[in-house]
Each structure stands twice: as C-alpha cells, then as structure tokens.
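[1] Structure for this input, please:
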Amino acid sequence: MKNFSFYQAGILLVLLATLNGCSVIGDIFEAGLWVGVIVVVVVIVLIIWIIKKMMS
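    Alright, predicted model coming up:
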C-alpha cells in the first residue's frame with residue numbers, strides 16, 4: 001500500500017507540472033489571437049481605404 005501512495009504522489013507532481021505548462025501555452029495562444037484580430041482589422045481598414053482612394 002505504501003508503494004501505491006508513492007506512485008500517486010509522482011503522478012500528481014507530473015500532472016501539476018503539465019497543467020501549469022498548459023496555462024502558459026494558453027496565455028501565449030490568447031495573446032496570439034488578439035494580435036491576429038488586430039492585424040485582420042488593420043488589413044480590412046487598409047483595403048477599404050485603398051478602394052475609397054481609387055473611387056474618388
């Protein structure tokens with residue numbers, strides 16, 4: 001029974017380290033998402049500005 005609790009502690013430590021890494025990766029992807037949204041908005045505004053310049 002002692003070995004079983006030792007294995008549980010090892011698995012718990014591995015899970016804690018992995019889950020902490022996942023939150024970091026999630027934050028990086030969230031920042032990337034917002035950068036992507038800003039780039040798309042800037043490109044759309046630029047296209048609209050070019051089209052308006054060509055029409056006038």
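[2] need the contact list for residue 26.
    Residue 26 is in contact with no residue at all, counting by CB atoms under 8 Å, 6 or more residues apart in numbering. C-beta here means a position set from N, CA and C on the backbone, and glycine is covered the same way.
[3] Tell me the pLDDT of it.
    Predicted confidence (pLDDT) for residue 26: 73.
[4] quick one: which helix or strand includes it?
    Residue 26 belongs to helix 2-55 when elements are defined using DSSP states H and E.
[5] what pLDDT does residue 43 get?
    92.
[6] measure it to residue 9 for me?
    In this structure, residue 43 and residue 9 are 51 Å apart, going by CB to CB, to the nearest Å.
[7] Next: residue 31.
    Taking CB to CB as the measure, residue 31 and residue 9 are separated by 34 Å.
[8] Buried ones in stretch 6-23, by neighbour count?
    By neighbour count, and taking 16 or more other CB atoms under 10 Å as the criterion, stretch 6-23 has no buried residues at all.
[9] Just give me the residue closest to the centre of this protein.
    residue 29 (1.3 Å; CA atoms, centre = their mean).
[10] From residue 39, how far off is that residue?
    Look at residue 29 and residue 39: by CB to CB, they are 15 Å apart.
[11] do the same with residue 55
    Here the distance between residue 55 and residue 39 works out to 25 Å (CB to CB).
[12] And for residue 32?
    For residue 32, the distance to residue 39 (CB to CB) stands at 10 Å.
[13] Find residues that contact each of the two.
    Taking CB under 8 Å, 6+ apart as the criterion, residue 32 and residue 39 do not both touch any residue.
[14] Give me the below-cutoff pLDDT ranges for this protein.
    Residues of the chain that meet the criterion pLDDT under 70 lie in 1-4, 18-22, 24-25.
[15] re earlier: higher neighbour count, residue 55 and residue 39?
    Between residue 55 and residue 39, residue 39 has the larger neighbour count (other CB atoms under 10 Å), namely 10 against 6.
[16] Okay, that one and residue 28: tell me how far apart.
    For residue 39, the distance to residue 28 - CB to CB - is 16 Å.
[17] ok, now residue 38?
    Residue 38 sits 16 Å away from residue 28, taking CB to CB as the criterion.
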